[in-house]
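>>> this one's sequence-less:
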C-alpha cells in the first residue's frame, strides 16, 4: 500500500468518498477518531459497511483500526468488524509477543463466530519505546502479522520529543525498517498531522521511501496523491532496474559473478532490489509493452 487513508468510523457520510478515492488502502478508525460515546454507533456503521458489496467487491485493502487489546472495547470491536469485507485489523499499542498472540487468538474466534473464511491479517502499530525496541519480535510473533506501522505522535510527544525533529524521525524510521526487514514484513510510515503542509508531508514520505518503507498513512484525501507519487518507482529507477535484470540474466548464463551496469558494480543484493522494482512497476502497470 503506497497510501493508506484514515476514515473515522463515526463518519459514514465519508465512506463512499473514501472508497472512490485513489488510496490503495482504507483504515476505518474506531480508536482515537471516535469518542467514547460514539463507539457503539461507529461499530454498527462499520459492521454494515463491511458486509456491503461496495466493500466486498473493492480492490482496496480494507483495514479497521480497533481499540487496544486491553481496553473494554476490543472484544466488541472484533465482534462487529470481522466481516467478509475486512482484510486487516490495525492493532494499536502492542507491547509484547503475548499481546500479539492474544489478539490473533481473539481474531480467530471472531472469524469462526461470524463465518469469515479468509484469514484477517494484523498490522501492528509501533508507538511506544518498548514496542520499538522489540519491534522485530512483535512482527515475528504470529503469521497473521502483515506489517509494522510507525506511530510517531505517540512515540514522541509524551516524552518531549519534537514530532518534526529530523534526527529523531530518521532514527525511529531506520529502527522500524530494520525490525520489519528482520521479520520479513513491510514497514509503513506514520501519519503527518499538518494537512496544509504538503511540502512537509512529501519530504517525510521521501525520507521513508529512501529507507525502504512501503507507504505512508494519510489523514486527509489531499495527502493520497502525494503518497502515491512518492511510493512508486521512478521512470529512471525502472529503466535502470530493467537493465540490471537483463545483465543478470546474461551474467548467469556466462558464469559471471559481478559486473557493471550504468557504471555501477552489480552483485546479488542489487539484482534482488532491481527485480523488486520491476515487479512493483509491473503490478502498477508501468512497464512499456
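Looks like it came in fine. This structure is a prediction, so every number in the text was calculated from the model and none was measured.
>>> hey, let's count contacts and neighbours off CA atoms from now on
OK.
>>> tell me the secondary structure at residue 149.
strand (DSSP: H, G, I helix; E, B strand; the rest coil).
>>> and for residue 123?
Under three-state DSSP, residue 123 comes out as strand.
>>> doesn't residue 90 make contact with it?
Yes. Using CA atoms under 8 Å, residue 123 makes contact with residue 90 at a distance of 4.6 Å.
>>> how near is residue 130 to residue 137?
Using CA to CA, to the nearest Å, residue 130 is found at 11 Å from residue 137.
>>> what about those two, which has more around it?
residue 137 (18 against 14; other CA atoms under 10 Å).
>>> which residues of this structure fall in strands?
For the chain, the strands defined by DSSP state E cover 3-8, 25-29, 61-65, 88-91, 121-126, 145-150, 187-189, 215-218, 259-261, 264-266.
>>> so which of these is nearest residue 46?
Counting by CA to CA, residue 46 lies closest to strand 25-29 out of those; the figure is 7.8 Å.
>>> surely residue 281 and residue 287 touch.
Yes. Here residue 281 reaches residue 287: they are 6.1 Å apart, a contact under CA under 8 Å.
>>> which one of those two has more residues nearby?
The residue with more neighbours, out of residue 281 and residue 287, is residue 281; 19 against 15, by other CA under 10 Å.
>>> wait, what's in contact with the more buried one?
The neighbours of residue 281, taking CA atoms under 8 Å, 6 or more residues apart in numbering as the test, are 232, 233, 238, 287.
>>> residue 79 now?
Counted by CA under 8 Å, 6+ apart, residue 79 has contacts 110, 114.
>>> how close does it sit to residue 226?
35 Å.
>>> all helices for this structure, in order.
In the chain, the helices defined using DSSP state H lie at 15-19, 39-51, 53-56, 74-81, 97-114, 129-133, 135-139, 152-156, 166-183, 198-210, 224-230, 235-254, 268-283.
>>> OK, contacts around the residue with the shortest distance to the centre of the chain?
By CA atoms, centre = their mean, the chain has its centre lying nearest to residue 188, at 4.1 Å. Residues near residue 188 by CA under 8 Å, 6+ apart: 147, 148, 149, 150, 213, 214, 215, 216, 217.
>>> which ones are touching the closest residue to it other than its chain neighbours?
Of all residues not flanking residue 188 in the chain, residue 149 sits nearest, at 4.6 Å (CA to CA, 6 or more residues apart in numbering). Residues in contact with residue 149 (CA under 8 Å, 6+ apart) are 123, 124, 125, 126, 187, 188, 189, 190.
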